[in-house]
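Undergrad: could you work out the structure for the sequence below:
(chains A and B)
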Amino acid sequence: MQIWPGHPYPLGATFDGSGTNFALFSEVADRVELCLFDDDGVETCIEIEETDAHVWHLYLPTVGPGQRYGYRVHGPYDPENGHRCDPSKLLLDPYAKAIDGQIDGDQSLFSYQFDDPDQRNTDDSSQHTMISVVINPFFDWGHDRPPGHDYHDSVIYEAHVRGLTMQHPDVPEELRGTYAGIAHPAIIDHLSGLGITAIELMPVHQFVNDPHLVEKGLSNYWGYNTIGFFAPHNGYAGYGSRGEQVLEFKSMVKALHEADIEVILDVVYNHTAEGNHQGPTLSFRGIDNAAYYRLVDDDRTHYFDTTGTGNSLLMRSPHVLQLIMDSLRYWVEEMHVDGFRFDLAATLARQFHEVDRLSAFFDIVQQDPIISQSKLIAEPWDLGAGGYQVGGFPRCGPSGTASSGTRSVTSGAGRRPRSPSSRAASPARPTCTSTRVASPSPRSTSSPPTTGSRSPTWSPTTTSTTTRTARAATTAKATTGPGTAAPRGRRTTPRSSSSGTGSAATSSLRSCCPRACR
Amino acid sequence: MIAHGDELGRTQQGNNNVYCQDNELSWIDWDLDDADAALLEFTRMLVKLRREHPILRRRRFFVGRGLEKVADASHLEPATVELRPPDGTSTRPSLSPADDSPPQVAASAVGPDATARSSAESGPTAPGRTAKPGATAKAGSPAATAEPDGPDETSAADETPEVLPDIEWFDITGDRMDAVDWNNSYARSVMVFLNGDVISERDARGVPIVDDSFLMLLNAHYESLDFVLPAQEYGTTWTVVLDTDHSVEPGDELAAGDTLTAEGRSVVVLTRDPAA
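TA: Down below sits the predicted model:
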């Protein structure tokens, strides 16, 4: 396999039409491996040799949409100092545009032993966790345009993808509970007949189904438990979860726009699904724990939690702010959504300790030409001190209240230009649109049996046998069985890049990335 | 804002937090019975009513006063401003916000029709509310207000609005709410008047927005209550738009001072045309 140095920007996996650039931020890492999974689940790891301003990057000219991948980050495991690198865990790309599979609560997902939390657990998690997928960014948006309803004309309809469609008799059974189900004329006719101007979807960012709920025969229905801020939740995909969910989501937005209905997303940027210090190692925790999470100042083993979920993102970290803003812009520019409702927005204003209306997040939203012109609604509280902020969020433009109990952060005229690049990309019809599979993908989640020791936030199971339904992993077990220390499949010999010395001196501002694809 | 299913009777069996209930408890049941279908039809009607009436989807908050007291009411003058000639004279007053001349009241924003006003001056009015002599003359000649008013008239306006405010609150006797009413701990009912004649907004083409006025009777008490409609300066004739308990039907007409019995836990909405 050819390995080129690639570029540190954009972050994530970016398919440019022929190959794919991979870029991952980690300041704390000593080494980073990019791990590719083939259809049989066989893992191939590639050492990333290029680093610019803490962004590890490479370009694979032969890799394209549908490729499943993850990272293994080598670095300090030193919880007392806030570091939790653990290369035995396969980590999700924080910028993954699509995610395949669901976690199953297995012991291997955790970096400690359930029965002795002071002991490390270095079992390989790759057969029990979710996997990032390279997506095809191309989509024919046709004449899509934002409906651009003014705030005062808006009637917002809050809906859940499954709640809205699961029992509708006119929606084909295989599309119930899916993005395609919402796009079905039976649903859109109902919305149009009602006269609403916007649908506000309860969380559709990829979320984690809490094992302790699955254990009880329940599941996380609402989905305020995000792990992928760029990926449409694969549990709502009707056509497959290896990138097909992105095209399905875009088709849904397009159909709603054709009916003059805006799409607003309920977004959860205040915390992640990795829970507290006893949570699993799925992504951020293992990539650069102290850069992503707010830790207790004089006790960096523990997470400072204003959300009641175990952790809070570190809102004074430039990399967290970049992640959130990149995510917001991605959903507007690439997915064509029209606005956002911020869950527990007071947490986003906690740059330091207090809820600070002038915190960096609002400054950045205000100056952003794309996000400031989308519809923005704040849930005006969180669980921390001073968190109740009804009426306290800034209004940056002509504005008004947006909904009961919420208030607009910013309002705009509603008309915004689409980025020229995304328009330009439209005519190039994807080769991948034809790869939709006819049968619906299995819904997320297997159901691991068992009981186990409990932690306040996470209830890890002690099962040794688990089942996976979302990922074809049958053959993989032969090569990467659980229980062995950091087992790998076939490993590609690390290769030197062709321009190692040259790029080492390159500054972080280098951005001659393969943007043509966007 | 509507939570999905509210429009057709989704109850979740009283469970207000179904975060882990991925089942029929949470999912919309599309098999509508007659009550569900009626609720859906009612919701559609409400959305339509809101769409058709800018008074119900204002861009600006209410201020509780008539237009002449609205800080930026000067923008409601006709939006044609002649350019100042080179010699510095002007054929019309400047309309800049910094201008000291008092805001002008648009002809359409005077309030109820002449009949209502004249009778309001001579006939019975709500307690504590006395129509101010001269109000008709002033309001009737809007162009004249381009000239500065005397200070006495300004202070008089503080006591009694010269035109009806953009919003007014009444108790069920038809009297305006006073401080005692607002602090009444057992009150479960109120009437609110939304004045379509003094909306401080323009449409996309710069034309001041004028709409029908509305009177809403809200009875949160569990028993029926008799509401007396406000004095006729707020409207001589009202037409029923909706009644959530069908004691009156859409299209029924009522007059100022009429008594309407609103059923327990019901809302009645009445409307009248804009003032002439």
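
Undergrad: OK, contacts around residue A:64?
TA: By Cβ atoms under 8 Å, 6 or more residues apart in numbering or on different chains, the contact set of residue A:64 is A:15, A:18-20, A:134, A:136, A:432. From N, CA and C alone the C-beta is placed, and that goes for glycine too.

Undergrad: then residue A:59?
TA: Residue A:59 neighbours (Cβ under 8 Å, 6+ apart): A:3-7, A:19-22, A:514.

Undergrad: in JSON lines: those residues, plus neighbour count and pLDDT.
TA: Below are the contacts of residue A:59 laid out as JSON lines (neighbours: other Cβ atoms under 10 Å in any protein chain shown; pLDDT from 0 to 100):
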{"residue": "A:3", "neighbour count": "22", "pLDDT": "98"}
{"residue": "A:4", "neighbour count": "16", "pLDDT": "98"}
{"residue": "A:5", "neighbour count": "21", "pLDDT": "98"}
{"residue": "A:6", "neighbour count": "24", "pLDDT": "98"}
{"residue": "A:7", "neighbour count": "24", "pLDDT": "98"}
{"residue": "A:19", "neighbour count": "18", "pLDDT": "98"}
{"residue": "A:20", "neighbour count": "25", "pLDDT": "98"}
{"residue": "A:21", "neighbour count": "27", "pLDDT": "98"}
{"residue": "A:22", "neighbour count": "27", "pLDDT": "98"}
{"residue": "A:514", "neighbour count": "19", "pLDDT": "33"}
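
Undergrad: ok so, going back, which members of the contacts of residue A:64 are the farthest-apart pair?
TA: Spanning the widest gap among those are A:19 and A:432, at 14.3 Å by Cβ to Cβ.

Undergrad: count the neighbours of the residue of the stretch 101-250 of chain B found nearest chain A for me.
TA: As assessed by Cβ to the nearest Cβ, chain A sits closest to residue B:201 within the stretch 101-250 of chain B, at 8.8 Å. The number of residues packed near residue B:201 is 15, by other Cβ atoms under 10 Å in any protein chain shown.

Undergrad: so who does the closest residue to it other than its chain neighbours touch?
TA: By the measure of Cβ to Cβ, 6 or more residues apart in numbering or on different chains, the closest residue to residue B:201 outside its immediate chain neighbours is residue B:209, 5.0 Å from it. Taking Cβ under 8 Å, 6+ apart as the criterion, residue B:209 is in contact with B:54, B:199, B:201-203.

Undergrad: buried only: go through these for me.
TA: Buried by 16 or more other Cβ atoms under 10 Å in any protein chain shown: B:54, B:199, out of the contacts of residue B:209.

Undergrad: measure residue A:203 to chain B for me?
TA: 11 Å (Cβ to the nearest Cβ, to the nearest Å).

Undergrad: my error: substitute residue A:331 in the last question.
TA: Applying Cβ to the nearest Cβ to residue A:331 and chain B gives a distance of 21 Å.

Undergrad: surely that residue is within a helix?
TA: Yes - the assignment for residue A:331 by DSSP: H, G, I helix; E, B strand; the rest coil puts it in a helix.

Undergrad: find the nearest non-adjacent residue to it, please.
TA: Residue A:331's closest residue in space is residue A:337 (Cβ to Cβ, 6+ apart), at 4.8 Å.

Undergrad: longest helix of the chain?
TA: Picked chain A for this. helix A:244-258 (DSSP state H).

Undergrad: ah, no, chain B please
TA: Chain B, longest helix under DSSP H: helix B:34-52.

Undergrad: what does residue A:165 show for phi and psi?
TA: As for residue A:165, its main-chain torsions (degrees, to the nearest 10) stand at phi -120, psi -20.

Undergrad: so which helix or strand takes in the spatially closest residue to it that is not a sequence neighbour?
TA: Using Cβ to Cβ, 6+ apart and skipping residues adjacent in sequence, the residue nearest residue A:165 is residue A:181, 3.6 Å away. In this assignment (DSSP states H and E), residue A:181 forms part of helix A:179-182.
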